[in-house]
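> Have a look; sequence and predicted model below, questions after that.
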Amino acid sequence: MVERDTQPWDLTDSPPPSLLIQTPPSPPPSPQLLLQDPTGSGLFEETIIDIKLATHHLLMLALNEFLQDTCYGCQISHPSQVQHSCLLELPEYFFDIYYDDVMIRLKTDRFIPAIRLFVRSYTVDGTGTQFSRIAEHTMTELRSSEHIVCAINDNIVQLLEASRYDRRAKPAMLRMIGNYWAGRHLV
């Protein structure tokens, strides 16, 4: 019988850095990737930008509505901000976890008409089905975002910068379609 060394392995030693596999950080989405037509609908680039802008804006409103609906402080009108979970930073992958609940609030009978209203104020391109497909694809892309609010804000900035038409009027128009979507403003 051969006697083996019975000393336990020292697991605190790490391999030399040259043997470690370096994982590069994932790059932010490229502006070109953000502007591509995800559905192959053949729409103009500006129309796709407008559909994505409107979708991001309405998604942010639906997310805020969901947060307020599920916030204990908002439900009882508590005066202390400490009791309002809607004011706290969202946990990682929040949108992926509550995707279905947010979609119920977002996809009202005014969702596609609000997007159409925004798009038609700048271009005359596209149908409701095309708008719906691009909006759905945009939300699916955002579903895996670690920090949804940051992802939406970053995408909105990139889309506004890529837009060729009046960038100063688009935020005002986004607020108007948000009011229309929420039922606070009739067009």
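Alright, I've got the coordinates. These numbers come from a predicted model, not from an experiment.

> For Phe95, give me its contacts.
63, 102, 142-143, 145, 148 (Cβ atoms under 8 Å, 6 or more residues apart in numbering). The way it works is simple: take the backbone N, C-alpha and C, and place the C-beta from them, glycine included.

> In the helix ranked longest in the chain, which residues are buried?
Secondary structure of the chain read by DSSP state H shows that its longest helix is helix 45-70. For helix 45-70, burial by neighbour count (16 or more other Cβ atoms under 10 Å) applies to 46-63, 66-67.

> any idea which of the contacts of Phe95 is the one closest to Arg164?
Set against Arg164, the nearest of the contacts of Phe95 by Cβ to Cβ is Leu142 (23.8 Å).

> was I right about that closest one contacting Asn153?
No. Contact criterion Cβ atoms under 8 Å: Leu142 and Asn153 do not qualify, at 11.5 Å.

> So the two - more neighbours on which side?
Legend: neighbour count by other Cβ atoms under 10 Å for Leu142 and Asn153, higher for Leu142 (18 against 13).

> got the contact list for stretch 65-82?
83-87, 90, 98, 101-102, 105, 182.

> make it 6 Å
Outside stretch 65-82, the residues that touch it by Cβ atoms under 6 Å, 6 or more residues apart in numbering are 83-87, 101-102, 105.

> Likewise for stretch 143-150?
92, 94-96, 99, 151.

> By neighbours, which of the residues you listed wins?
That'd be Phe95 among the contacts of stretch 143-150, by other Cβ under 10 Å, with 23 neighbours.

> so what pLDDT did that residue get?
Phe95 carries a pLDDT value of 90.

> Equivalent analysis for the one 3 residues further on, please.
Model confidence at Tyr98, expressed as pLDDT, equals 90.
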